[in-house]
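S.K.: Predicted model follows, preceded by the sequence.
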Amino acid sequence: MQTIPRRIVVILLALLIPIVPFMAIGELPGEHWLSATDENALLFGLTGAGLLTADVLLPIPSSIVGSMLGARLGFSAGWAWAWAGLSVGNSIGYMAGRLLLSRFQPEIPQTPTLLLLFVSRPVPILAEAVTFTAGAERMGFLRFLVTAMLGNGIYSFALAANGAALLPGAAVGPGLILPMALPVLAWLIWRWLMKRKRR
């Protein structure tokens, strides 16, 4: 396979991994499952982190789950559980990409992948696809993990802060709308960065 077709195959497969479950089953009721454990803070945190870990392979509404963690557990604990869940999910996605997609030996530049990995966390499908691509191109795991954890830390911070500030005060509407606006904002920032890079 030539270099460009290999890149295209890997990128298409990386996109299909999160798209196919979403198209087949739609968005899963992560907030409903999380609410079922509301009586126990530890179980609530573990369930939330587990849902965010599964988000790399299943269509879980990470923005709502992260906000609910902040609302129920407070900012610090909500942030820690969300950050841990997203980071473990990224590691699973990286390993899946390395095991399943690296056989195509794509030659994809690592700098754009690292930048996308950092800024794409709030963008559904793109965030997961970049994670699989990083594994496929055999990016160094430590480099990958540090970048993913930084991006996840900022995203989790925004979600937990939003949940802790807005949801307990009964402003449920704005509290759930704000995290859903994060993917749009991240996409606009990414588009702006790509335009600047082309100049």
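M.R.: Here it is on my side, so go on.
S.K.: separation between Gly151 and Arg72?
M.R.: Distance of Gly151 to Arg72, computed by Cβ to Cβ, to the nearest Å: 24 Å. Just so you know, the C-beta spots here come from the backbone N, C-alpha and C atoms, and that holds for glycine as well.
S.K.: neighbour-wise, which of those two wins?
M.R.: Taking neighbours as other Cβ atoms under 10 Å, Gly151 and Arg72 compare with Gly151 leading, 25 against 22.
S.K.: and the more buried one, what helix or strand is that in?
M.R.: Here Gly151 sits within helix 141-166, counting by DSSP states H and E.
S.K.: pLDDT (mean, whole number) over that helix?
M.R.: Across helix 141-166, pLDDT averages out at 89.
S.K.: Quick check: buried residues in that helix?
M.R.: Residues 144-145, 147-149, 151-153, 155-166 are the ones in helix 141-166 that count as buried (16 or more other Cβ atoms under 10 Å).
S.K.: name the helices or strands packed onto the helix or strand hosting Thr133?
M.R.: Assigned by DSSP H and E, Thr133 falls within helix 126-136. If you count contacts as 3 or more Cβ pairs under 8 Å, 6 or more residues apart in numbering; DSSP states H and E, helix 126-136 packs onto helix 3-25, helix 75-100, helix 110-119, helix 141-166.
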